[in-house]
Structures are given as structure tokens and as C-alpha cells.
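>>> Any chance you can model this:
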Amino acid sequence: MMLFNHILQAGPVATTLLGLSVLALALILDRFWTQLIYPRFSTAAFLNARQECNQGGADIAAQSLSATKHGWESAITLLITNRMLEQSSRQQLALDWLVRERRYLSAGLKLLGLIAAIAPLLGLLGTVFGIIDMFKAIAQNTGPVTPALLAEGMWTAMITTALGLIIAIPCMAVSYGFEQLTQWRLNPIQDALNSVDLAFEGATSASVRKTVYKSVVRANNDSASTNTSLQNVAGAA
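Residues are numbered from 1 along each chain as shown. Down below sits the predicted model:
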């Protein structure tokens, strides 16, 4: 209670810092909940979906994946749905999805980093204002300047610096931790997108090669039939 009273006595800077602490706590809880409910990457389910794609059952693979708005299943479903596009177009779709997903997972982290940067500066500013008020009180004091009077003023002045550091250190640590967690979640999804895209590209190339092979065989057969007909006509003549 005494600490809270000193914070209130520290002036508007301390009140601002308290407001920033509430905002930072709300951002941290929001990002924690987002990361908690975010779908985890399943290697087994992905391998099954990729196997279906390799075997030509892309539609079956898409139906086996959950219809979620976020997560790796949403990314793979997007790529499967647009598998008939050119590879460059598919890669652009995947890149856009990754950018949106990173923005979703990292929402609010820049603001959290900003709070971590300005909280110590605000705390220092509050300390400067507190020291100024302390010297004004000393100047207006007609009696002797006792150590207790100085300690009381310094206590009130230094509380804002301590409050700013208490806010900044967790905000900086949590912001960095969530950034690393976001990267850790997106890395396997990016690898999965590349793998599925290469599988589709290989299937397309194989289909093209098969079509070309059939065309060449058909042309050779037509040419052989024409030569046989000509030989029969010449023999008859």
C-alpha cells in the first residue's frame, strides 16, 4: 500500500507508466492465448497428405485436412486448391499466406517492443521531475535539511525509474520470445509448402512428358502406317 501511495505521489509520469503496464499485460495475454490455440504442425498428417498428392489424390488430401483459418492445414489446402496454376503463381500465393500468418502471430509485438523502449525513458523523466520537486521543497523549507527529508524526496523520485525498468524488461523478453516462437512455428509450414509445391511441379512435368511421349508414339505410328501404305501401292503398281 505504501509503495502504491508513493507511485501516485510521483505524478502523471507514474500514472502513465501504470497505464503502459496494463496495456503491456493485455498484449502479452493476447499473444499468449493466440500462440496457445494456434494449430501445431503434425508431421504424420502432412506426410499422409503429401503421399495422396504424389499419388494424384490431391482432392482427397484436401478433404482430409481441417478447414481452419490459420495453421499448416490452411496453407496446404490453399496450395492444393490452386495446384493448376503455374509454379510462380503458387509460390506467390504461398508467400502471401506466410506474410499474413506472420502478421497474425506477431500482431502487437511491435507495440510491446515500443513500450519496452519508452518505459525506462519515461521512468527517468519522472525521476528528473521528482528531483526537481525535491529541491523546490528543500528551498521552501525554513528549517534544517535533514537526511530524512532528502530520503523521502529521493524515494518518491526514484520510484518511476524502477517502475519503468520493471515494465521494460519483461516486455523486451516476451517480445523476443514470441518472435522466436512465431519463427519456430512457421519454419515447418514453409518447408511443407515447398515440398508440396515441388510434388505438384513434378506431377505436372511427368504429365507433360507422358503427353509428349504419347504424341511422339502416335506420330511414329502414323508415319509407319503411311510408309506401309505407300509400299503397298508401289508393289501393286
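>>> For the chain, which segments are assigned as helices?
In the chain, helices defined by DSSP state H lie at 2-9, 12-37, 43-54, 58-64, 72-81, 87-105, 109-140, 147-236, listed in chain order.
>>> from what I can see Ala192 touches Trp72, true?
Yes - counting by Cβ atoms under 8 Å, Ala192 does reach Trp72; the two are 6.0 Å apart. Where you see a C-beta, it was placed from the backbone N, CA and C, and this is true even at glycine.
>>> OK, contacts around the residue nearest the centre of the chain?
With distances taken as Cα atoms, centre = their mean, Arg102 lies nearest the centre of the chain, 2.4 Å away. By Cβ atoms under 8 Å, 6 or more residues apart in numbering, Arg102 lies in contact with Thr182, Leu186.
>>> likewise the one 3 residues further on?
The neighbours of Leu105, taking Cβ under 8 Å, 6+ apart as the test, are Thr34, Gln35, Tyr38, Phe178, Thr182, Arg185, Leu186.
>>> Check Ala62 too.
With Cβ under 8 Å, 6+ apart, Ala62 has these contacts: Ile76, Thr77, Ile80, Thr81.
>>> Just the pLDDT for the second one.
According to the per-residue confidence, Thr77 scores 88 in pLDDT.
>>> Quickly name whichever of the contacts of Ala62 is closest to Leu150.
Ile76 (67.1 Å; Cβ to Cβ).
>>> In contact with the closest one, which residues?
Phe46, Ala49, Ala61, Ala62, Leu65, Ala192, Leu193, Val196.
>>> mind redoing it with 10 Å?
Going by Cβ atoms under 10 Å, 6 or more residues apart in numbering, Ile76 touches 45-46, 49-50, 53, 61-62, 65, 94, 189, 192-193, 195-196.
>>> I'd guessed Ala167 sits against Ile28; true?
Heads up, residue 167 is Ile, not Ala. No - judged on Cβ atoms under 10 Å, Ile167 makes no contact with Ile28 at a distance of 11.2 Å.
>>> Tell me which of these two has more neighbours.
Taking other Cβ atoms under 10 Å, Ile167 and Ile28 do not tie; Ile167 has more neighbours (24 against 18).
>>> so how far is Ala119 from that one?
4 Å (Cβ to Cβ, to the nearest Å).
>>> Mutual contacts of those two, please.
Here Ile167 and Ala119 have Leu17, Leu20, Ser21, Ala24 as joint contacts, going by Cβ under 10 Å, 6+ apart.
>>> correct me, but the third one touches Ala116?
No - contact between Ser21 and Ala116 fails when scored by Cβ under 10 Å: they sit 11.5 Å apart.
>>> Show me which of the two is the more surrounded one.
Neighbours per residue (other Cβ under 10 Å) separate Ser21 from Ala116, with Ala116 holding more: 22 against 18.
>>> For Ala45, give me its contacts.
Ser64, Leu65, Ser66, Trp72, Glu73, Ile76.
>>> Pull the contacting residues for the first one.
If I follow you right, that is Ser64. Contact partners of Ser64, counting by Cβ under 10 Å, 6+ apart, are Ala45, Asn48, Ala49, Glu52, Gly57, Glu73, Thr77.
>>> now it: how far from Leu111?
Distance, Ser64 to Leu111, using Cβ to Cβ: 39 Å.
>>> Tell me how many other residues surround Pro147.
For Pro147, using other Cβ under 10 Å, the count is 7.
>>> so what pLDDT did it get?
72.
>>> same deal with Thr228?
Among the per-residue scores, Thr228 holds a pLDDT of 49.
>>> Ala206 too?
Among the per-residue scores, Ala206 holds a pLDDT of 40.
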